[in-house]
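Student: return a 3D structure for these sequence lines:
(one chain, ligands or ions: 2)
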Amino acid sequence: MGVIRELPTSVVNQIAAGEVVERPASVVKELLENAIDAGATRVELAVERGGKDLIRVADDGCGIAREDLPLAFRPHATSKLREAEQLHHVRTLGFRGEALAAIAEVSRVRCQSRTAATEVGAELLIEGGVPAEIRDCGGPVGTVFEVRNLFFNTPVRRSFLKSDTTEAGHVAEMFTRIALAHPTLHLTFRSGSKTLYDLPPVTGLKDRVAVFFGRELAESLLWVESEVDGIHLWGYVAHPSQSRSSAKGQYLFVGGRYVRDRSLGHALSEAYRGLLMVGRVPVAFLHLELPPEEVDVNVHPTKVEVRFRDSQRIYGQLLRTVRQTFLTSDLHGRLQAPS
Ligand code: ADP
Ligand code: MG
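Tutor: Ligands and ions are numbered 1, 2, ... in the order given. Next comes the predicted model:
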């Protein structure tokens with residue numbers, strides 16, 4: 001007799017949830033990205049106990065229609081993608097329709113939402129993936145998510161979470177990435193009873209950098225930009241004297257999405273070669289915009305890693321663009337290689 005069995009749906013869902021939701025910061029990322037996709041101009045984030053007890057995200061975006069509310073929490077249900085054809089042309093941060101389902105599977109969620117089409121909003125509670133009845137609620141146009149007791153039904157996962165302070169740190173890092181990628185968004189962040197950030201919309205990345213990394217570093221930034229065969233690279237690199245002992249000051253965004261890419265990190269280090277002391281790592285805030293067919297963001301559920309069709313080309317472009325900036329700024333004259 002055979003030994004292979006299809007897993008029960010509940011197990012499948014929990015496994016899937018585990019891929020998207022690793023810790024409170026993962027929930028924060030998904031909720032903030034959804035708010036941005038919804039066209040929000042103002043987003044408020046609040047957490048209790050590093051997000052372990054509560055994560056609350058309120059936005060003034062388009063809202064979710066009452067009849068869509070239960071669907072939003074179904075796995076693979078999305079308003080952002082209709083056919084496979086579009087998969088390689090996504091302009092939104094989300095498109096997999098997995099996040100809300102995953103979050104609701106492992107927590108207690110309350111979602112209140114209203115679109116401009118109705119006077120009355122709708123509220124849905126969903127616990128461990130099980131939705132309750134939809135109720136009327138008040139409130140402005142937009143959406144509020146409250147995610148409580150993350151991993152309450154998966155105690156092993158819950159026990160893997162770190163201290164409140166550590167989790168709050170991960171949340172703050174996620175908030176930083178979003179804030180840097182979207183300077184025109186009004187963003188607030190409260191942790192417990194403290195307001196950590198209240199960021200008015202600004203026109204440039206530089207002002208946001210100043211908030212998180214200080215004026216001195218922001219003032220040292222050098223503008224870099226190039227466009228080669230439709231690949232647009234732009235942003236700032238910091239003066240070599242502002243380098244750090246870790247890669248914590250390196251932010252790369254592809255299509256407005258924070259990504260990690262070892263190869264491009266290496267290209268950046270190469271560009272700074274001879275300008276930094278041993279063990280120092282450059283600080284940079286770079287955006288890449290490229291034709292959809294040049295990059296695949298659908299590599300991993302959290303989309304933090306992407307695949308470039310021709311990574312060598314982008315490597316070369318980044319290296320040359322940053323090098324060129326150093327050569328044409330007076331910094332090069334002042335900072336010769338420590339031989
Ligand atoms: P995805 O973002 O990949 O579409 P999600 O599970 O994150 O999948 O969200 C499912 C759907 O719920 C979205 O496609 C969107 O229609 C709706 N939605 C989620 N969050 C919001 C929000 N803050 N405002 C408006 N609609 C939202
Ligand atoms: Mg989403």
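Student: which parts of the helix or strand harbouring Gly316 are buried?
Tutor: In this structure, Gly316 sits in helix 311-328 according to DSSP states H and E. For helix 311-328, the neighbour count (16 or more other C-beta atoms under 10 Å) marks 311, 314-315, 317-319, 321-323, 325-326 as buried. C-beta: built from backbone N, CA, C; applies to glycine.
Student: for stretch 171-182, same thing?
Tutor: Quick answer for stretch 171-182 (16+ other C-beta under 10 Å): 171-172, 174-182.
Student: over to stretch 250-268?
Tutor: Quick answer for stretch 250-268 (16+ other C-beta under 10 Å): 250-259, 261, 264-265, 267-268.
Student: tell me which residues of stretch 126-133 come out buried.
Tutor: In terms of neighbour count (16+ other C-beta under 10 Å), stretch 126-133 has its buried residues at 126-129, 131.
Student: the helix holding Gly316 packs against which elements?
Tutor: Applying 3 or more C-beta pairs under 8 Å, 6 or more residues apart in numbering; DSSP states H and E, one finds that helix 311-328 contacts strand 222-228, strand 231-237, helix 262-271, strand 284-289.
Student: and with 7 Å instead?
Tutor: Helices and strands touching helix 311-328, by 3 or more C-beta pairs under 7 Å, 6 or more residues apart in numbering; DSSP states H and E, are strand 222-228, strand 231-237, helix 262-271.
Student: for Ser79, find the nearest of these.
Tutor: strand 231-237 (27.9 Å; C-beta to C-beta).
Student: tell me which strands and helices the closest one is in contact with?
Tutor: Packed next to strand 231-237, using 3+ C-beta pairs under 7 Å, 6+ apart, are helix 205-213, strand 222-228, strand 284-289, helix 311-328.
Student: can you redo the ones you listed as CSV with mean pLDDT and distance to Arg158?
Tutor: Formatted as CSV, the helices and strands packed on strand 231-237 follow (pLDDT from 0 to 100; distance: least, C-beta to C-beta, whole Å):
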stretch, mean pLDDT, distance to Arg158
helix 205-213, 95, 30
strand 222-228, 97, 44
strand 284-289, 97, 35
helix 311-328, 96, 38
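Student: and the two most separated of the buried residues of stretch 126-133?
Tutor: Once C-beta to C-beta is applied, the buried residues of stretch 126-133 give Gly128 and Pro131 as the farthest pair, at 10.2 Å.
Student: coming back round to it: quick check: the two most widely separated of the buried residues of helix 311-328?
Tutor: Longest span within the buried residues of helix 311-328, C-beta to C-beta: Ser311 and Phe326, 22.7 Å.
Student: for the nearest residue to Arg280 once chain neighbours are set aside, grab phi and psi.
Tutor: Excluding its sequence neighbours, the residue lying closest to Arg280 (C-beta to C-beta, 6 or more residues apart in numbering) is Ser243, at 3.9 Å. Note on Ser243: backbone dihedrals following degrees, to the nearest 10 are phi -60, psi 160.
Student: shouldn't Ser243 be in contact with Pro282?
Tutor: Yes - using C-beta atoms under 7 Å, Ser243 is in contact with Pro282, at 5.5 Å.
Student: who has more neighbours, those two?
Tutor: Taking neighbours as other C-beta atoms under 10 Å, Ser243 and Pro282 compare with Pro282 leading, 22 against 17.
Student: contacts only, for that one.
Tutor: By C-beta atoms under 7 Å, 6 or more residues apart in numbering, the contact set of Pro282 is 237-238, 243, 268-269, 272, 276.
Student: from ligand 1, how far off is it?
Tutor: Taking C-beta to the nearest ligand atom, to the nearest Å as the measure, Pro282 falls 33 Å from ligand 1.
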